[in-house]
Every structure is written in structure tokens, then in C-alpha cells.
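[1] fold the following.
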Amino acid sequence: MKEAHFPYQLAAEVCEALANPTRLEILGLLREGEACVCHIQAKLGQRQAYISQHLNVLRQAGLVTSRKDGLRVYYQVTDLALYKVLDHLKDLLQSLGYWTPMNGDEDDLDRASQPCNCPQCQTKREQMATPALTEQGSLYG
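    Prediction:
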């Protein structure tokens, strides 16, 4: 008889992992793509240990995966269908009158526009600031 409840147990465990504002905010940041822990830490303004604890809960629930590159650990969502669920939740909250964007923004948790000083973002800015080489391999063509 217990087996009949197995899918509900799994669904409850996933819902439990989602039932935290910080974890939802982390998933919002990962919507933009893979991110290192230092990027998530910089964007949320929280300590690395705090972020890692939440990432561990998301990983144990199967919602994110990680990979290591040198000293950095990068996270990404396991399945983009997760964002359909979160978008439906947002739609439900809006229809109930509970979700009201702050400061006229579409999303309350949109931190993408805030500058980030993590090593990942600094490297991207440096690459964008470096002039591209022409096809001949010279800066001056």
C-alpha cells in the first residue's frame, strides 16, 4: 500500500526543497544559465556557507547539478521544465492577488541588472573589453 503514495512522497520532497525564498532566488539566478557559487554569493549578498547549504538541498532534491572546474563549483538546473512549474506558481499567485512586482519590475527577484564582482563576471567583462582579432589574426587587419 505504501507504494501507491511514492509519487506523492517524491513530489512533497521536491516541494519542500522549493519551499524557501533563498532557494527560489538561487533558481532564479540559474535561469540565466550555469553559475559558480561565488557568483550566486555575490548576487545574493550572502556567505558562501549559507549559499552552499541551500545548493546542497536543491542538489539532493535533484533540481540542480554541479560540476567542478579547478577551485570553482558551477551549478545549473537539472531540467528547464522546472521553470514552467515556477512560472505557473507565479501566475497562480498573481491571479490570487498575492504577487505584485516591486518597483515596477516584472520580477521581484530580478538581480540580473545588479553588477557582480565575482571572478566569473570579472573574467567575462575582461573578455568583452579585449578587442577581437580580425580573421588574419591582427588587431589592425
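
[2] what packs against the longest helix along the chain?
    Ranked by residue count under DSSP state H, the longest helix found in the chain is helix 81-95. Contacts defined by 3 or more CB pairs under 8 Å, 6 or more residues apart in numbering; DSSP states H and E place helix 81-95 against helix 21-30. Where you see a C-beta, it was placed from the backbone N, CA and C, and this is true even at glycine.

[3] quick one: contacts for the most centrally placed residue in the chain?
    Centroid-nearest residue in the chain: residue 30, 2.1 Å away (criterion: CA atoms, centre = their mean). Each residue near residue 30 by CB atoms under 8 Å, 6 or more residues apart in numbering is listed here: 64, 75, 76, 77.

[4] how many residues are close by residue 121?
    Residue 121 has 17 neighbouring residues, counting by other CB atoms under 10 Å.

[5] next one: it from residue 79, what distance?
    According to CB to CB, to the nearest Å, residue 121 stands 26 Å off from residue 79.

[6] from what I see, residue 67 and residue 74 are in contact.
    Yes: assessed by CB atoms under 8 Å, residue 67 is found in contact with residue 74 at 5.3 Å.
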